[in-house]
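**Student:** Sequence plus the predicted model coming up.
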Amino acid sequence: MTKQEIIDTLNKYPSMQLATVDEKGAPRTRGIFMYSADDSGILFHTGSFRDLYTQLKADARVEASFVDTERFIQIRASGTAVELDDAELRTKIINTPGREFLRPTIERFGAEAIRVFKISECRASVWSMKTNTQYPKEEVLF
C-alpha cells in the first residue's frame, strides 16, 4: 500500500488499539478512536486524568493497530506520541460531530482535560493473508 492508501484506510476505520508501557514496564493496550490521520501523523486525544495520559508522558513510544474489516487488512503504525498544546485544535475536536461522548468529561473536568497527541514519525506496516509470510516487513513512513 502507498502512504496515501494507508492514510485513507486509517481515516475510514478510525477505531484503533493503542499500545503503551505502564510505570512497571508492562505493555498496555486499549481501544480508542483516532481523530484523524494525514501525511504528518495520527491525531488522537485522551483525558489528562487517564492512565493513558500518564503513560504517554512517561514514555511517548507507541504502536497503534487498525483493521480494515472489508479487506481484512491490519495496519500497524508505530512512532512517538507528541502532545500538542493547541487550544484551537482542542476546541475543533470537541465540537466535531460524533465526539459528543466528550461532553461528560468536559462537564466534570473542563475542556483543558482533553489532551491532544500526534503520533509523528510513523512507521506503518500492512498485514494481510497475502503478505503473511513476507519478511522483512515492508514499512511506509509518514
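**Tutor:** Arrived safely.

**Student:** Which parts of the protein are helices?
**Tutor:** Using DSSP state H, the helices of the chain run over 3-12, 51-58, 87-94, 103-109.

**Student:** Compare the ones you listed and report which one is nearest to residue 18.
**Tutor:** helix 51-58 (7.3 Å; Cβ to Cβ). Glycine gets a C-beta too; all of them are placed from N, C-alpha and C.

**Student:** ok, the closest residue to residue 46 other than its chain neighbours - contacts?
**Tutor:** Distances taken as Cβ to Cβ, 6 or more residues apart in numbering place residue 52 nearest to residue 46, at 4.6 Å, with adjacent residues excluded. Contacts for residue 52 (Cβ atoms under 8 Å, 6 or more residues apart in numbering) come out as 18, 20, 28, 30, 32, 46.

**Student:** so where's the longest strand in this protein?
**Tutor:** strand 114-127 (DSSP state E).

**Student:** Partner strands of that strand, with direction?
**Tutor:** Counting by DSSP bridges, the strands paired with strand 114-127 are strand 41-47 (antiparallel), strand 73-84 (antiparallel), strand 139-141 (antiparallel).
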